[in-house]
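# Would you be able to build a 3D model of this:
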Amino acid sequence: MEAKELALKICKILSDKKATDILKIDVADKTIIADYYVVATGRSMTHVKSLAENVEEELDKEGLGPTRREGVREGRWAVLDYGDVVVHIFNDESRLFYHLERLWDSGDNVEKFD
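As a prediction, this is how the structure comes out:
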């Protein structure tokens, strides 16, 4: 699956489970770490955990597992690394504090997913 297609699929999974403020950020020209970051917010620590676990479950069905996962148990900031796509799911407080999209936004590379 292409990186862009995977990023869009992840956005849809997050949207279906009521994540808010979902952004797909094209970072291919800015870093070698990934091609896309998907950033989303959960309403609570439990919701953040649930969102991350749901993304994993849905992509596992397609034979895609993250190469690394961090923070899922704590529920403040969960990171799922799918190689070309890295998923960041925050609670409100952590999203405001880290404000990742500000670091990677160059004006034309951020797409809001509704």
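# Show me which helix or strand of the chain is least confident by mean pLDDT.
When each helix and strand of the chain is scored by mean pLDDT, DSSP states H and E, helix 100-104 comes last, with a mean of 89.
# Identify each buried residue in that helix, please.
For helix 100-104, the neighbour count (16 or more other C-beta atoms under 10 Å) marks Leu100, Glu101, Trp104 as buried. Every C-beta, even on glycine, is put in place using the N, C-alpha and C of the backbone.
# for the last one, what are its contacts?
By C-beta atoms under 8 Å, 6 or more residues apart in numbering, the contact list for Trp104 reads Ile25, Val27, Lys30, Tyr37, Val110.
# again with Ala28
Ala3, Ala34, Asp35, Tyr36.
# Now the two most distant members of those residues.
Ala3 and Ala34 (7.8 Å; C-beta to C-beta).
# Pick out whichever of those two has more residues nearby.
Ala34 (21 against 16; other C-beta atoms under 10 Å).
# What values do phi and psi take at the more buried one?
Backbone torsions for Ala34, taken as degrees, to the nearest 10, come to phi -160, psi 170.
# Grab the nearest non-local neighbour of Thr67.
Excluding the flanking residues, the one nearest Thr67 by C-beta to C-beta, 6 or more residues apart in numbering is Asp81, at 5.1 Å.
# hang on, isn't the one you found packed against Arg68?
Yes. Counting by C-beta atoms under 8 Å, Asp81 sits close enough to Arg68 to count as a contact (4.2 Å).
# The two: which is more packed in?
Remark: of Asp81 and Arg68, Asp81 carries more neighbours, 15 against 10, as counted by other C-beta under 10 Å.
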